[in-house]
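In: Task: produce atomic coordinates for the following.
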Amino acid sequence: MLELAILGLLHGSPLHGYELRQRLKATLGTFRAFSYGSLYPTLRRMKEAGWLCEDDGNAEVVAGAPALTGRRGKVVYKLTAEGKERFQELLAEAGPTSWEDETFGVHFAFFGQTDPEVRVRILEGRRSRLEERREGVRTTLARTRSRLDRYTLQLQEHGLESVEREVRWLTELIETERRSTVPPAVPTPNPEERGAP
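Out: Predicted coordinates for the structure are as follows:
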């Protein structure tokens, strides 16, 4: 998940480590707690894999990378050609790893760069997973409702409402995606117009 987020952010422009941290926080913060201690080891691994490179030169001239002071602030991270390929590979993944709680939000954050068919598959997978969860909560509630105190019951009902709300949201997104990916119908000429000069 962190690799996808880093690749996606660097795909837009090279960034200083500090700026990358800030943008990751903005991207991942809503979906998952982000450990800054995991950023630099991940960047190191990605550099070793050949997906990004560091530029220790004049950092101020890099577009989108603000000038910073301090040793670490001078390093600008940029995607390599292999990093761009890896980003496209990760965007194309539409299996279970892309619709789980931990990863769905990051995939969704980069939907603007994702193939429309892949977006629909991810959204459908996420909805299917949540529908399974919803049925599990309903079954549990039906069995245990009489044994729960009112606060635990309210918490369970709140969880169920949250899942139902997300299922509705996903259904709307899927319908919108399908409408926008359907090619426009080619108009058939009127037989009377065919012979017209």
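In: remind me, longest helix of the protein?
Out: Among the elements of the chain assigned as helix by DSSP state H, the one spanning the most residues is helix 150-181.
In: Show me which residues of that one are buried.
Out: Gln156, Leu160, Val163, Glu166, Val167, Leu170, Leu173, Ile174, Glu177 (16 or more other Cβ atoms under 10 Å). The C-beta positions use only the backbone N, C-alpha and C, and glycine is treated the same way.
In: which residues touch the first one?
Out: Meaning Gln156. By Cβ atoms under 8 Å, 6 or more residues apart in numbering, the residues touching Gln156 are Val137, Thr140, Leu141, Leu148.
In: next one: Ser38
Out: Going by Cβ under 8 Å, 6+ apart, Ser38 touches Leu2.
In: That one and Glu93: what is the separation?
Out: 21 Å (Cβ to Cβ, to the nearest Å).
In: before we move on, what about Lys84?
Out: Taking Cβ to Cβ, one finds Lys84 at 16 Å from Glu93.
In: before we move on, what about Ser162?
Out: Applying Cβ to Cβ to Ser162 and Glu93 gives a distance of 26 Å.
In: Outline the domain layout of the chain.
Out: 2-97, 115-181 (automatic domain parsing).
In: show me where the protein has strands.
Out: Taking DSSP state E to define them, one finds strands in the chain at 15-16, 52-55, 76-79.
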